[in-house]
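Student: Here is a sequence together with a model predicted from it:
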Amino acid sequence: MIQNSLFVIVFYYLCCSQVIASQDAPSLEKRLISSHSMPTSVIKLNNERALENNFEKIINKVNVERVNQRIYFLKRLAKLKVWPYIKFETFLNLGDRHPMISEVKHRLYLLGYLKQDRSAKNTFSKVLFNALSQFQKHHGLNPDGIIGPRTLNWLNTSPAQRADLLLRNLHRQQDFFSQVEQEYLVINIPQFQLSVVNQGEGIFSSKVIVGKSKRPTPTLSSEIQSVVLNPSWNVPRKIVRRDLLPKIRRNSDYLDEENYDVFDFDGNKISLSEFNWSKLAKGRFPYKLRQRPGPTNALGQVKFHFNNEHSVYIHDTPDKALFDESRRDFSSGCIRVEKANELALWFKETRLANQDSWHKVIKNNEGNKWFKLKEPLAIHLVYWTAWVDEYNQVQYRSDIYDKENVLYKNKKPQLDLKRNQTIARIKP
């Protein structure tokens, strides 16, 4: 009995003496042993201000110290708290009861999203609904307050896994910000977000749609050299084969109805009335397709041209409905921009040599017109799934292309808990 009591006293002393070196949270040891109230400093991590315009939050710098502090916090939590796998047979919503709801509440409490919930432990309370909605926003999910598969996946992501994600992304972001230009456009693919940054300050942002998992948008760096109004679309062969030929087989008039021109491989234009296109689409299709400018054009009203080996475009789209989705990996690899017209106007005001010509094209609704920029703008397509935002809140995004295990295979970053800092190099 004396030995057991001595062990408890020693354990309590050791825990309380090792305060987590973080402004984000007080000692987890104290909280887990003697306190069940939500610390004020943790509540501030998830205040309403941090949720405003969350989908358009611009990543314009990396705060290494804050990321290190959060990693250390998560590593210590991993040592002190078992994170068993939670499984539900159905979706859970406000008012539902389930034996695992108490575990969900406890996890949200430990991660700083939930105060002490005095309602029945296994009841899906309004307090839990609000905390869960906040949790979903910080993970790029639809904040509907419902526990479905995607929300459950993040609830099952352990503190150790979260720390590892932060550390992996920290190295990518450190490399990026150490050599990035003063002004640039960046698209974070898993965030479905485009941002323009000048002198370390975000000046423009927009939701984007990126490639689906089978046709992923690549990471790359280049320069935007031209803005194209009323663009025509030279359809890549893969998209012709995968997407357009099945539509042509079903509807022989598809090419005419959707304003496509057809060319042979020598560049000669083919009359649409010359062939039965449904029949031709069933076999070898030795033609190129180009969609004329207009309201149905897949590129919309504007395209931002940059050289790259992947035939990737950044462009407008006539279909705006998909921007309402929280997860937006729907394209064949190109990037569709919700605020494409606003971005085009920004280029006109800041980088266009001849604005009179621009206004003439708009006024007369002229056809396809290229405007070369007087100064190109650097563009970077990056893949970041975790970061600490300007409000000191950790943001996570789904690994939509399953790249995390590929990018750092056999090169796992290391964390030194004793010194409370990440080791800058990635050990082989």
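Tutor: Sure thing, it's come through.

Student: what residues are up against Asn63?
Tutor: With contact set as C-beta atoms under 8 Å, 6 or more residues apart in numbering, Asn63 has these partners: Val388. C-betas here are computed from N, CA, C, even on glycine.

Student: and the nearest residue to Gln291 once chain neighbours are set aside, how many residues sit next to it?
Tutor: Distance criterion C-beta to C-beta, 6 or more residues apart in numbering; nearest residue to Gln291, sequence neighbours excluded, is Trp233 at 4.1 Å. For Trp233, the count of nearby residues is 21 (other C-beta atoms under 10 Å).

Student: pretty sure Trp233 contacts Ala298?
Tutor: Yes - with contacts defined as C-beta atoms under 8 Å, Trp233 counts as touching Ala298 at a distance of 5.3 Å.

Student: Could I get the full set of helices for the stretch 151-300 of the chain?
Tutor: Taking DSSP state H, counting those that start in this stretch, the helices of the stretch 151-300 of the chain run over residues 159-179, 237-239, 245-250, 254-257, 277-280.

Student: possible to save those helices as JSON lines with mean neighbour count, distance to Ile187 and mean pLDDT?
Tutor: JSON lines is the format used below for the helices of the stretch 151-300 of the chain (neighbours: other C-beta atoms under 10 Å; distance: least, C-beta to C-beta, whole Å; pLDDT from 0 to 100):
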{"stretch": "helix 159-179", "mean neighbour count": "18", "distance to Ile187": "12", "mean pLDDT": "94"}
{"stretch": "helix 237-239", "mean neighbour count": "14", "distance to Ile187": "20", "mean pLDDT": "91"}
{"stretch": "helix 245-250", "mean neighbour count": "15", "distance to Ile187": "29", "mean pLDDT": "95"}
{"stretch": "helix 254-257", "mean neighbour count": "15", "distance to Ile187": "31", "mean pLDDT": "94"}
{"stretch": "helix 277-280", "mean neighbour count": "17", "distance to Ile187": "36", "mean pLDDT": "91"}
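
Student: With distance to Ser213 added, can I get these in TSV?
Tutor: Listed next are the helices of the stretch 151-300 of the chain as TSV, based on distance: least, C-beta to C-beta, whole Å:
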stretch	distance to Ser213
helix 159-179	19
helix 237-239	15
helix 245-250	20
helix 254-257	27
helix 277-280	30
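
Student: So which of those helices is nearest Ser221?
Tutor: helix 159-179 (9.5 Å; C-beta to C-beta).

Student: biggest strand in the protein by residues?
Tutor: In terms of residue count, the longest strand belonging to the chain (DSSP state E) is strand 369-382.

Student: could you dump that strand to PDB, C-alpha only?
Tutor: Below are the C-alpha coordinates for strand 369-382, written out as PDB (Å, rounded to 0.1, in the frame of the first residue of the first chain):
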ATOM      1  CA  LYS A 369      -7.500  37.400 -77.000                       C
ATOM      2  CA  TRP A 370      -4.100  36.800 -75.200                       C
ATOM      3  CA  PHE A 371      -2.700  39.500 -73.000                       C
ATOM      4  CA  LYS A 372       1.000  39.100 -72.200                       C
ATOM      5  CA  LEU A 373       2.000  40.400 -68.800                       C
ATOM      6  CA  LYS A 374       4.700  43.100 -68.600                       C
ATOM      7  CA  GLU A 375       6.100  41.100 -65.600                       C
ATOM      8  CA  PRO A 376       5.400  37.400 -65.100                       C
ATOM      9  CA  LEU A 377       4.100  36.200 -61.700                       C
ATOM     10  CA  ALA A 378       5.700  33.200 -60.000                       C
ATOM     11  CA  ILE A 379       3.200  30.300 -59.500                       C
ATOM     12  CA  HIS A 380       3.600  27.300 -57.100                       C
ATOM     13  CA  LEU A 381       1.300  24.300 -56.800                       C
ATOM     14  CA  VAL A 382       2.100  22.800 -53.400                       C
END
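
Student: Fine by me, we can end here.
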